[in-house]
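Novice: I'd like to go over a predicted model; first the sequence, then the structure.
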Amino acid sequence: MIIETNSPLPKHSLPIVLIGAGGIANDAHLPAYKLAGFRVAGIYDINRERAQEMAVKFDIPLVYHSMEDLLAGSLRPAVFDVAVPGSEMPEVLRLLPEGSYVLMQKPMGENLEMAREILSLTREKKMIAGVNFQLRYAPYINAARNIISRGLIGDLCDIEVNVNVYTPWHLWKFLYSLPRVEILYHSIHYIDLIRNFLGNPEGIYARTVQHPNTEELASVRTSIIMDYGQVVRATVLTNHNHDFGLQQQQSYVKFEGTKGAIKVKMGSLMNYPAGVADSFDYVIKDGEWKTLDIAGSWFPHAFIGSMAQIMLAAEGSIARPDNSVEDAIMTMACVEAAYESSAQGGVRPEIG
């Protein structure tokens, strides 16, 4: 059985101008573009030394001194890859030319109010814009989508995400000052993934909490139920403070249908940042579990799909990116609903 694992690519790629030279650009954006053969024409960061280092590392010909320098010298057309914190996104979008092609790093702002502002800006400026919710383009997710779309596991009725790992939060210092952490910067990927397969939920139930060993962080553990009625179940369960070795760590997405199931181990989240091997197992009713070898992983390969969607829309091969701001706003609405549910709390048990 041939299973497609690659994301569709444009016929002709556009040059990329990278705004932001942080860790995610170094570890995922730029390695992914190199794998795909996408050309990065220039880079800008407020820390020019860091931008210069990455330019040398990834053979980027131009290092811009300022946003003014970038806007004056950028190639047209090009895709602006905006890898800055969500709080800075509206400011950057205001500077970009009308009609720009833009890929924004997730999240789409720090909250739903900012996401609405971003959506409004992209509409006003007639941009082709998407958000880098890249998990939906990971090779093993592409494989799962291919199997499900062919009806091989029947009707999809259950998606379960379970992440029980130790995450070295100190690698992202900026998170320590934020009022929202786990859902907005991690479980948002799973909310988006579930939406991508099942559509928008009828409701959200959630609780996100701290851990005694990392009280300086707003939250590091989350439970989410996405309500799709009486037949379909969708859950997210994360714990990032399992600091007791690899033996009982786990990180998986499980898809169950009426005729079979798929279980994807997301190894990059375990023993982070080194990671462990991914795995992809599936079963079709009355058969045995089989293992499928998948080339590539979430990091960096999924980032190819995110950028490719913008380029495909820019060349007219698709009407709009699959990860467009028009779609991403609903992921942000689900995130907001999860935080509201967490704040409201559950139903207090009472005896009469």
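Specialist: Looks like it arrived, so ask away. Residues are numbered from 1 along each chain as shown.
Novice: Could you look up the SS state of Phe80?
Specialist: Put simply, Phe80 is strand when judged by DSSP: H, G, I helix; E, B strand; the rest coil.
Novice: so it makes contact with Tyr101?
Specialist: Yes. With contact defined as Cβ atoms under 8 Å, Phe80 and Tyr101 form a contacting pair (6.8 Å). C-beta: built from backbone N, CA, C; applies to glycine.
Novice: Look at these two and report which has more neighbours.
Specialist: Just comparing Phe80 and Tyr101: by other Cβ atoms under 10 Å the higher neighbour count belongs to Phe80, 25 against 22.
Novice: what sits opposite that one in the beta ladder?
Specialist: Phe80 has these beta-bridge partners by DSSP bridges: Val17, Val102.
Novice: What residues does it make contact with?
Specialist: 17, 19, 74, 96, 100-103 (Cβ atoms under 8 Å, 6 or more residues apart in numbering).
Novice: Quick check, Leu198 in contact with Ile159.
Specialist: Yes. Contact criterion Cβ under 8 Å: Leu198 and Ile159 qualify, at 6.8 Å.
Novice: Next up, the contacts around the residue nearest in space to the middle of the chain.
Specialist: Closest to where the C-alpha atoms of the chain average out (Cα atoms, centre = their mean) is Phe133, at 2.9 Å. By Cβ under 8 Å, 6+ apart, the contact set of Phe133 is 106, 188-189, 192-193, 196, 306, 323, 328, 331.
Novice: In the stretch 101-250 of the chain, what residue spans correspond to strands?
Specialist: For the stretch 101-250 of the chain, the strands defined by DSSP state E, counting those that start in this stretch occupy 101-104, 128-131, 156-164, 203-209, 221-228, 232-239, 250-257.
Novice: And the longest one, what's buried?
Specialist: This means strand 156-164. By 16 or more other Cβ atoms under 10 Å, the buried positions in strand 156-164 come out as 156-161, 163-164.
Novice: tell me the angle of that strand relative to strand 250-257?
Specialist: 170 degrees (axes from the mean of the first three to the mean of the last three Cα atoms, to 10 degrees).
Novice: any idea of the mean pLDDT in strand 156-164?
Specialist: In this model, strand 156-164 carries a mean pLDDT of 98.
Novice: residues near Gln248, how many?
Specialist: Gln248, neighbours per other Cβ under 10 Å, totals 8.
Novice: Might you report the residue contacts of it?
Specialist: 164, 242.
Novice: one step back: grab the two from the contacts of Phe80 that are most spread out in space.
Specialist: Farthest-apart pair in those is Ser74 and Leu103; separation 14.6 Å (Cβ to Cβ).
Novice: the more surrounded of those two?
Specialist: Leu103 (27 against 20).
Novice: So the more buried one sits against Val82, correct?
Specialist: Yes. Using Cβ under 8 Å, Leu103 makes contact with Val82 at a distance of 6.9 Å.
Novice: Show me where the stretch 1-150 of the chain dips below the pLDDT cut-off.
Specialist: Under the criterion pLDDT under 70, the flagged ranges of the stretch 1-150 of the chain are 74.
Novice: does Ala308 sit in a helix or strand, and which one?
Specialist: In this assignment (DSSP states H and E), Ala308 forms part of helix 302-314.
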